[in-house]
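Novice: quick one, structure for this:
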Amino acid sequence: MTETSESGGPGWTDDVVRDRRRRLYQELRAAGTDLDALHQLIERSDGAILDRAVPYVLVATRNRLRSTWRSDSSRTGREQEVAGDRSGPSTDALDPAERVIARGRLDEALEALASLEERDAWALWWHAGGFDDREIAELWDDAGFEPPSPKGQYLRTRRTRARARLRSILGDGSAD
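Specialist: Prediction:
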């Protein structure tokens, strides 16, 4: 086909878009993505989600999975209340003080991550997403980070330094 696709840029044919989406789907499957959540996202977006970058789709898939889990958990909680079963969540999970403390720790962690160089944050994110050093180097190049085509040792050193920085900011082992 020589037409321009709606979901692609100028010069993108439907075949190119389809191949790109197929490769992304294979990468996501290899990364251990929850396929049910991914399929729900693909269905809800009419496939457009596959035009986004891998980290975006991983986050969207995990968020979809969490949303589904919360819905199921909420429904299960209501069913237990109706049945008179009190084996639901512990009172600690409902304690407002515990929730405030947990939210404070989350805010601290987000601020610490935001303080990292962008390329270090992405290198940590991709590694946590299950990508190996070769795949991270490809994503690194796609993102336009310097130096181009980094070796595995360089990426490991950057991750180690980023984790150490997070530990020093957070004051504990939360960066592991």
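
Novice: what does the model give residue 82 for pLDDT?
Specialist: For residue 82, the pLDDT comes out at 52.

Novice: neighbours of the nearest residue to residue 58 once chain neighbours are set aside, just the number please.
Specialist: Distances taken as C-beta to C-beta, 6 or more residues apart in numbering place residue 129 nearest to residue 58, at 5.2 Å, with adjacent residues excluded. Placement of C-beta: from N, CA and C, glycine included. Applying other C-beta atoms under 10 Å, we find 19 residues neighbouring residue 129.

Novice: try the one 3 residues further on
Specialist: The number of residues packed near residue 132 is 12, by other C-beta under 10 Å.

Novice: give me the distance from the strand or helix carrying residue 138 to the chain's centre.
Specialist: Counting by DSSP states H and E, the element that carries residue 138 is helix 133-143. Distance, stretch centre to chain centre, for helix 133-143: 16 Å (C-alpha atoms, centre = their mean, to the nearest Å).

Novice: can I assume the residue nearest to residue 58 is in contact with residue 55?
Specialist: Yes: if you go by C-beta atoms under 8 Å, residue 129 and residue 55 touch, sitting 6.8 Å apart.

Novice: need the pLDDT of residue 176.
Specialist: Predicted confidence (pLDDT) for residue 176: 54.
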